[in-house]
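>>> When you get a sec, could you give me coordinates for this:
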Amino acid sequence: MKAVVKYALKDGSTEVRDVPIPEIAKTDVLVEVASIGICGSDPHMHHNNVSYPVEVPLILGHEFAGVIKKVGADVVGYQVGDRVTAETHAEYCGKCILCRTNNYHLCRERKGYGFGVDGAYAKYVKVAERILHRVPANVSLREAALTEPLCVAYNVVVNKTGVKPGDTAVVIGPGPIGILCTKMLNLVGASEIIVIGTEGDDQRLKKAEEYGATAIINSSKEEALPLIKEKNEGYGADIVIDCAGPAATFKLAMAAVRPNGVINKVAWGPKPLDYSLDELITKAVTLHCSFSHTWDIWEKALQLLKNKQVDLSGLITHELGIEEWERGFELVESKQGLKVLLKP
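As a prediction, the model looks like this:
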């Protein structure tokens, strides 16, 4: 089968290769992939510009949905023909203190699709039964392929940030995660949701308005901080979510949050900050850092899709064949594409 393979830890070392169809174990299924979402991390890995370990050679891709084509001997909950999506946690031990407390996404032995284990930029992918999720009948597989970023946003807003109805929230970075955090903030009742972008983000900011933003700011054209500082008697926002990553955006988050407020950093930023974090102390700010998701979050996210409380199809701007992966990466990097899907 054809697959997009990252074959070396250097810039540009990615190509389409012929690879064997995966062999499944007794507790696995073989999924025929219908759609794969390009995550912003994928172009970064292509350019070897990430701060986390990547095993090579491996097939990229961790946002996917498809149909089961083969079932292992010990699989009991699924059968051939089922429409499914899957968590990114391809491997974890299942025995350590983190796994036993529903924090298996933080297990030291965890290996994620497209990072430590072959992913889904291919016709088929091997999936363990324990991370499968059934796609509701009224949800398309193209939409279900984007369940993973919705789960990230759910974890950030609902599980980690503790947003309350009436809160003023700021989202920095109107990429897919930022827009979905905006939607989740809207669903849980934040009264004001300010989304901040920068050069090239005009269309993404408009999309953020469609998903619940009450105000949008292009920081390349106007100052964001004065507007935020008008809130809460001049103290700033109750909640700030950093979905951008660079040192400058976290500095803005520290300045924008009110005393005793909450910052949630979800975006990666591999470079040093090069400034003091003492403002977090003087304001007694709670800092959360969110990573990934768990089984229960996936079920909640799929329920939101089933009930049409979230429309993921509105984020899809392009659908390409898998051999057009490089164009897909370019669309994401240039901000011409919001969510780009590949079709094996």
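>>> Return the residues in contact with residue 231.
Neighbour list for residue 231: 168, 192, 237, 258 [criterion: C-beta atoms under 8 Å, 6 or more residues apart in numbering]. No exception for glycine: its C-beta is placed from N, CA and C like everyone else's.
>>> Now the phi/psi pair for residue 47, please.
phi -90, psi 10 (degrees, to the nearest 10).
>>> burial count for it?
By the criterion of other C-beta atoms under 10 Å, residue 47 has 15 neighbours.
>>> what's the distance between it and residue 205?
Separation of residue 47 from residue 205 (C-beta to C-beta, to the nearest Å): 26 Å.
>>> Please apply the same query to residue 221.
Distance, residue 221 to residue 205, using C-beta to C-beta: 11 Å.
>>> Show me which of these two is the more surrounded one.
residue 205 (20 against 10).
>>> Could you find the closest non-adjacent residue to the more buried one?
Nearest non-adjacent residue to residue 205, counting by C-beta to C-beta, 6 or more residues apart in numbering: residue 216, 4.2 Å away.
>>> Distance of the residue located most distally from the centre of the chain relative to residue 262?
Farthest-out residue of the chain from its mean C-alpha position, per C-alpha atoms, centre = their mean: residue 233, at 33.7 Å. Between residue 233 and residue 262 the computed distance is 18 Å (C-beta to C-beta).
>>> Next: residue 304.
For residue 304, the distance to residue 262 equals 23 Å [C-beta to C-beta].
>>> Quick check: closest non-adjacent residue to the residue most central in space within the chain.
Nearest to the geometric centre of the chain sits residue 149, at 3.3 Å (C-alpha atoms, centre = their mean). What sits nearest to residue 149 in space, not counting adjacent residues and going by C-beta to C-beta, 6+ apart, is residue 176, at 5.1 Å.
>>> neighbours around the one you found, how many?
So residue 176, with other C-beta under 10 Å, has 27 neighbours.
>>> Quick one: residues contacting residue 267.
173, 177, 242, 243, 244, 245, 249.
>>> can you name the two of those residues that are farthest apart?
177 and 249 (13.0 Å; C-beta to C-beta).
>>> okay, these two: which has more neighbours?
Legend: neighbour count by other C-beta under 10 Å for residue 177 and residue 249, higher for residue 177 (23 against 20).
>>> Give me the distance between the more buried one and residue 317.
Residue 177 is 16 Å from residue 317, by C-beta to C-beta.
>>> got it, and residue 35?
Distance from residue 35 to residue 317, by C-beta to C-beta: 14 Å.
>>> neighbour-wise, which of the two wins?
The neighbour count for residue 35 versus residue 317, taken as other C-beta under 10 Å, is higher for residue 35 (23 against 15).
>>> thinking that one is in contact with residue 67, fair?
No. Look at residue 35 against residue 67 with C-beta atoms under 8 Å: they stay out of range, at 11.2 Å.
>>> which residues are in contact with both of these two?
Overlap of the contact sets of residue 35 and residue 67 (by C-beta under 8 Å, 6+ apart) consists of residue 141.
>>> For residue 259, give me its contacts.
235, 283, 284, 285.
>>> ok, so what distance separates it from residue 285?
For residue 259, the distance to residue 285 - C-beta to C-beta - is 7 Å.
>>> quick one: the helices in this structure?
Taking DSSP state H to define them, one finds helices in the chain at 41-46, 141-144, 147-154, 176-188, 202-210, 225-229, 247-256, 278-282, 295-306, 325-333.
>>> what about the first one, average pLDDT?
To tie it back to what came earlier, the one meant is helix 41-46. The pLDDT scores in helix 41-46 average 95.
>>> Start the count at 478 instead of 1 going forward.
Yep, numbering from 478; the last one is helix 518-523 now.
>>> would you list the helices of the chain in a markdown table and tack on distance to residue 508?
Below are the helices of the chain laid out as a markdown table (distance: least, C-beta to C-beta, whole Å):
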| stretch | distance to residue 508 |
| --- | --- |
| helix 518-523 | 19 |
| helix 618-621 | 11 |
| helix 624-631 | 14 |
| helix 653-665 | 22 |
| helix 679-687 | 30 |
| helix 702-706 | 44 |
| helix 724-733 | 36 |
| helix 755-759 | 43 |
| helix 772-783 | 15 |
| helix 802-810 | 19 |
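>>> Go through these and name the closest to residue 579.
Using C-beta to C-beta, the nearest of these to residue 579 is helix 772-783, at 7.3 Å.
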